[in-house]
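**Student:** Predicted structure and sequence below. I'll ask about it afterward.
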Amino acid sequence: MSLHDVELSLEKALREALAARRAVHARIAEAEEELRALRQRAAELDAIIRHTQAALGRTPVVEHVPASPQPSASSAPAEPSSSERAPSPPLPVRYERPPLRPNVKPTSLRFRDLTATQAATIVLREAGGPLHVNAIYNKLLENGFEFHGDHPTISLSVTLNRSKRFRKVAPATFDLVIRDVPEQRMSGSGP
């Protein structure tokens, strides 16, 4: 093998190694972007959870979330990226389900002639934030709403899930899609 052939072979090996390194760095960048997106989604969920906790007046129950594996010292880059220096997001918070009170005596009859979606809209507007379906159910009963059937909370949850007025923000937890309705529409006076 001539010196020229050896040089060509080494140049080819160098090009292949450089291309492989670029591909590895591209995959690392993709993984870091996905990690950033996941951390952002976790932070959004934490905000929803805190908002729901505040609406329910509940004490948070901290769920254990396993720590993400850290890269070994040999595979870590010399300078940590900004995402690696950022503090990790707080642990997710889980809320206990409010107890059902099916035998509660109504304190008013204001929901007696309303549909479930109309009454739930009023309850969520007054709450100012998301509520668990059990809390909505309890408020409806307190205000004279009459449920029929064997599984009223399941029926209520399905009704809220199917309605375009509500959005599901957590398991069995709903909020209004549009929170601020103009006063004109509320009072019935309009153009």
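**Tutor:** Everything's here; your move. Residues are numbered from 1 along each chain as shown.

**Student:** mind listing the strands for this structure?
**Tutor:** In the chain, the strands defined using DSSP state E lie at 61-62, 93-94, 131-132, 166-170, 173-176.

**Student:** ranking those by burial, who's on top?
**Tutor:** With neighbours taken as mean count of other C-beta atoms under 10 Å, those reach their highest mean count in strand 131-132, at a mean of 24. Bear in mind the C-beta positions are built from the backbone N, C-alpha and C, glycine included.

**Student:** and the strands of the chain as CSV, adding mean pLDDT and distance to residue 156?
**Tutor:** Shown next, in CSV, are the strands of the chain (pLDDT from 0 to 100; distance: least, C-beta to C-beta, whole Å):
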stretch, mean pLDDT, distance to residue 156
strand 61-62, 53, 24
strand 93-94, 47, 22
strand 131-132, 92, 11
strand 166-170, 91, 11
strand 173-176, 92, 9
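
**Student:** how about low-confidence regions in this protein?
**Tutor:** By pLDDT under 70, the weakly predicted segments of the chain are 57-97, 179-191.

**Student:** Break it down into its structural domains.
**Tutor:** Domain assignment for the chain, taken from automatic domain parsing, gives 3-94, 116-187.

**Student:** returning to that earlier point: point out the one among the strands of the chain that comes closest to residue 122.
**Tutor:** Across those, residue 122 has its closest neighbour in strand 173-176 (10.3 Å, C-beta to C-beta).

**Student:** Show me what that closest one is packed up against.
**Tutor:** When contacts are defined as 3 or more C-beta pairs under 8 Å, 6 or more residues apart in numbering; DSSP states H and E, strand 173-176 sits against helix 116-127, strand 131-132, helix 133-142, strand 166-170.

**Student:** Just name the most buried of those.
**Tutor:** Most buried of those, by mean neighbour count (mean count of other C-beta under 10 Å): strand 131-132, with a mean of 24.

**Student:** which helices and strands sit right next to that one?
**Tutor:** Packing contacts for strand 131-132, counted by 3+ C-beta pairs under 8 Å, 6+ apart, involve helix 3-56, strand 173-176.

**Student:** Can you say which of the ones you listed is nearest to residue 164?
**Tutor:** Closest approach to residue 164 among the helices and strands packed on strand 131-132 is made by strand 173-176 (10.7 Å; C-beta to C-beta).

**Student:** quick one: strands adjacent to the closest one?
**Tutor:** If you go by DSSP bridges, strand 173-176 pairs up with strand 131-132 (antiparallel), strand 166-170 (antiparallel).

**Student:** hmm, who's touching the first one?
**Tutor:** To tie it back to what came earlier, the one meant is strand 131-132. By C-beta atoms under 8 Å, 6 or more residues apart in numbering, the residues outside strand 131-132 that reach it are 52, 55-56, 95, 97-98, 123-124, 139, 172-175.

**Student:** how close does the residue nearest the centre of the chain get to residue 135?
**Tutor:** For the chain, the residue nearest the mean C-alpha position is residue 45 (3.5 Å; C-alpha atoms, centre = their mean). Distance, residue 45 to residue 135, by C-beta to C-beta, to the nearest Å: 19 Å.
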